[in-house]
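> sequence? don't have it. structure:
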């Protein structure tokens, strides 16, 4: 592991960007599998890869379709009059231009009965080659040949790429990788993401089988006995992170969810 990424094999690892931007609380597509399991799943389906949007070959950017079990679409809310929509200036990563992200808080979406949670019916894992990652001043997080940069979970229909991402690629801006798109593709992407898809929901931090006390997870059954409860989660052990932040099914690794 280097630069915040996660190496699982010589061929494929996770980029730091991908790990951060596909966590459950990111507002993007997410899954309840461990990063290691996702890599194994992608490698199993590697032969099904197709060129990424704006690409004609399989040498730079590819989409690998995988089984959608345990993957979820980005949480969203239907547009409702009177719902409070917030905005925040964000940076995807160092060196990129800022952008404005609009969202609603989970409680606000729930109050308006507008929250939509959608298990994925189709999942494409976006992988970039080492060469593509270094374009326009980009960086690699591992020494793997390829890195996972994004999970694209959808309800089954093919969704257009985010217009801002398309523009970033088309203009070869920092953080973008060269891509060509038609006026029709741009128009469809803008209309879909500004109207039909609703608004992004910022999910509140949730604790499942283990709750958080300070920086340490504490199981309500065993009250934190066992070495894993005293581990330093800030160092980024991926399996522990997924257990703490995302996995709704895995029991406490100390007591296995069993009470005396």
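Arrived safely. Since this is a predicted model, take the numbers as computed values, not measurements. Residues are numbered from 1 along each chain as shown.

> Name the SS class of residue 25, please.
helix (DSSP: H, G, I helix; E, B strand; the rest coil).

> Residue 69 versus that one, what's the distance?
According to CB to CB, to the nearest Å, residue 25 stands 21 Å off from residue 69. (C-beta placed from N, C-alpha, C; glycine too.)

> Correct me if wrong: residue 15 contacts residue 146.
No. Using CB atoms under 8 Å, residue 15 is not in contact with residue 146; the gap is 9.6 Å.

> quick one: pLDDT of residue 8?
With respect to pLDDT, residue 8 scores 61.

> Contacts for stretch 76-91 next, please.
97-105, 108-109, 112-116, 118, 195, 197-202 (CB atoms under 8 Å, 6 or more residues apart in numbering).

> same thing but 7 Å
With CB atoms under 7 Å, 6 or more residues apart in numbering as the contact definition, stretch 76-91 has outside contacts at 98-104, 108-109, 112, 114-116, 197-201.

> Among those residues, name the buried ones.
103-104, 108-109, 112, 114-115, 197-201 (16 or more other CB atoms under 10 Å).

> quick one: which of those residues sit in helices?
108-109 (DSSP state H).

> Identify the residue spatially nearest to residue 50, adjacent ones excluded.
residue 63 (5.4 Å; CB to CB, 6 or more residues apart in numbering).

> doesn't residue 46 make contact with that neighbour?
No. Contact criterion CB atoms under 7 Å: residue 63 and residue 46 do not qualify, at 11.5 Å.

> Give me the more crowded residue out of residue 15 and residue 146.
residue 15 (28 against 25; other CB atoms under 10 Å).

> which residues sit in contact with that one?
By CB under 7 Å, 6+ apart, the contact set of residue 15 is 5, 141, 147-149.

> how does it look with 8 Å?
Per CB under 8 Å, 6+ apart, neighbours of residue 15: 5, 128, 133, 140-142, 147-149.

> For those residues, give me JSON lines that also has distance to residue 36.
Formatted as JSON lines, those follow (distance: CB to CB, whole Å):
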{"residue": "5", "distance to residue 36": "13"}
{"residue": "128", "distance to residue 36": "19"}
{"residue": "133", "distance to residue 36": "20"}
{"residue": "140", "distance to residue 36": "19"}
{"residue": "141", "distance to residue 36": "15"}
{"residue": "142", "distance to residue 36": "13"}
{"residue": "147", "distance to residue 36": "14"}
{"residue": "148", "distance to residue 36": "12"}
{"residue": "149", "distance to residue 36": "17"}
